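A.B. asks: Pasting the sequence and the predicted coordinates here, then a few questions.
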Amino acid sequence: MAQIKFPYGKEFLQLEIPESRLQAVLVSQLHHYKAQHTPQELVEQAMAAPVGCKPLHELSKGKENIVIIASDHTRPVPSKVIIPPMLRELRRGNPHANITILIATGCHRDTTPEELADKFGADIVQREHIVVHDCSKEENLVSIGTLPSGGELKINKLAAEADLLVSEGFIEPHFFAGFSGGRKSVLPGVAGRISVLANHCSEFIAHPKARTGILEGNPIHEDMLWAAKKAKLQYIVNVVIDQDKQPIFAVAGDVEQAHAAGCEFLSSLCKVKADPCDIVISTNGGYPLDQNIYQAVKGMTAAEAAVKEGGVIIMLAKSNDGHGGAHFYEQLSSEPDIGKTMNVFLSRGRNETQPDQWQTQIFIRVLQKAQVIYVSDAPDDMVQGLHMIPAHSLEEALAKAEQLLGDPNAKITAIPDGVSVMVLPNV
C-alpha cells in the first residue's frame, strides 16, 4: 500500500492506496530542492545582485515618498524574511524617507490586524505605516491610463504618487496569469475593481494562452505587465517557496527581468507529466491558500489537466472561510445549468465583466470535464450549491468516486500540492 499525505489547512490528511491502483504521484521537484543558504541569506544575496536595475539603496536616494506593495493574507509570502532587508536598504539610501507598506488585496477582503501581525510580526506592525488597499474606494484611486485590454487602469493613489514604488511577492504557477508574482503586485494587487474586471474578462480567460506556466502571448499577463510599468514599479523582491512555505530561491530587481528569472527557475522544477486518469486527488497546498472554495479552484485546475473526460476530481481544501466570494457563489448556485452560465459569461465584452466571473468561468470549465467531490469544513449545502459533491474524509470521497464511476478499482493520480505543479500531457 502507498501512503500519501495531503496538506489540509495547517495539518495533513493521509490516504492508503493500493499500489495496483496508483497511476502516479505528481510532485513538484521544488519539494526536493535543497537551498544552499538560509532564507535570509537568499533574500540578501538577491538584493545584493539585482537583475536589470540598481540596488535598492541607490534607487531610494533622494526619494521622500516610498511605497512597498506587500501581499495580503491569502498569499504565503514570507514577509518576515523579505520586508526587513527591504526597509533597511531603503533607509540606507534615505534614512528620512516616508515609507508606506501598501497591502495588495486585489479584490479580496481586508487583511485584519491579527493577520498583519502574523504576516509581518508585531514589531513591524507597530513601527511601520501600513495601509490596506480597497479596490472599491474610488476616493483612494487614480486613473493612469488605458490597458491593452481596453479597460481603464485605476490604481491606489499611494502607489501612483510614490517617488519610488517597489514590491515583495512570491512566484508560483498561476492558473490563468501563467505565474504569480512580479507585475501582479500592481494589477490586480493595488488596482481598482474596474481594472481587475477588464483584465479578467471572459475573452482573455478563455484564451488558450491564459494557462498555467504561459507568459508569452498570454493577454492577461500582457495587461498586468503594462500596468506595472505604467505605475512605475521599479524594483521587486520575489521568492520561490517549498511545501513548508520556506524560500528556496530569491530574485530581486527589474519587474520584468527579475520576474522572468524567477519563472525560469520555477519552471525547471515544477513541470510534471500525466496520463489521463479516472480519479485525481488534489489540494490547494494547505493554509493559507485553502481557506475558501474560491481559491481552491486553482488546485482543481491541476487535477483538470490530469483527469479523464468524465472522470472524478477529489479536491481537498479546508475552506474554513466558506465560499470566499458572494458573487462567485451566487453565479453558480442560482442557475442549475452551468452551460447556460458559461454562455452568459462568454457573451460579455471586455468592459462588461462581473465580479468573480473569471473564477466561476474556470470552475465551470473544470466541472464540464469531471465531477468534483469536495472534502472540506464548509457546509454541505454550500458545496452542493456550487455543483460539487460534499465529503468529510478522504475515505468517504474515494468511496463516492468509485460509486460514481462504477469501478472499485479505478486508477488514481495524486497531486499533493495542486498549486505548485504545472501538469503537462504525457506525450
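C.D. replies: Nice, I can see it. In this text, all values refer to a predicted model and were calculated from it rather than measured experimentally. Residues are numbered from 1 along each chain as shown.
A.B. asks: can you pull out the helices in the stretch 1-150 of the chain?
C.D. replies: 39-48, 56-59, 79-93, 113-120, 122-127 (DSSP state H, counting those that start in this stretch).
A.B. asks: Dump those helices to CSV, plus distance to residue 17.
C.D. replies: Quick note: C-beta positions are derived from backbone N, CA and C, even for glycine. Output for the helices of the stretch 1-150 of the chain, formatted as CSV (distance: least, C-beta to C-beta, whole Å):
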stretch, distance to residue 17
helix 39-48, 34
helix 56-59, 48
helix 79-93, 36
helix 113-120, 35
helix 122-127, 43
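A.B. asks: For residue 44, which non-adjacent residue is spatially closest?
C.D. replies: Among residues not flanking residue 44 along the chain, residue 85 sits closest, at 5.6 Å (C-beta to C-beta, 6 or more residues apart in numbering).
A.B. asks: The one you found reaches residue 47, doesn't it?
C.D. replies: Yes. Contact criterion C-beta atoms under 8 Å: residue 85 and residue 47 qualify, at 6.0 Å.
A.B. asks: Overlap of the contact sets of those two?
C.D. replies: residue 237 (C-beta atoms under 8 Å, 6 or more residues apart in numbering).
A.B. asks: Give me the more crowded residue out of these two.
C.D. replies: Using other C-beta atoms under 10 Å, the more surrounded residue of residue 85 and residue 47 is residue 47, with 22 against 18.
A.B. asks: Now the nearest residue to that one once chain neighbours are set aside: which helix or strand?
C.D. replies: Once flanking residues are discounted, residue 47 sits nearest to residue 252: 4.7 Å by C-beta to C-beta, 6+ apart. Assigned by DSSP states H and E, residue 252 belongs to strand 247-253.
A.B. asks: So what angle separates the directions of that strand and helix 39-48?
C.D. replies: Here the directions of strand 247-253 and helix 39-48 differ by 20 degrees (axes from the mean of the first three to the mean of the last three C-alpha atoms, to 10 degrees).
A.B. asks: what angle sits between strand 247-253 and helix 79-93?
C.D. replies: 30 degrees.
A.B. asks: I'd like the next helix or strand past strand 247-253.
C.D. replies: Remark: after strand 247-253, the chain's next helix or strand is helix 257-270, criterion DSSP H and E.
A.B. asks: That next one - contacts with which helices or strands?
C.D. replies: When contacts are defined as 3 or more C-beta pairs under 8 Å, 6 or more residues apart in numbering; DSSP states H and E, helix 257-270 sits against strand 178-179, strand 233-241, strand 247-253.
A.B. asks: how does it look with 10 Å?
C.D. replies: Packing partners of helix 257-270 (3 or more C-beta pairs under 10 Å, 6 or more residues apart in numbering; DSSP states H and E): helix 39-48, strand 164-170, strand 173-174, strand 178-179, strand 233-241, strand 247-253, strand 422-425.
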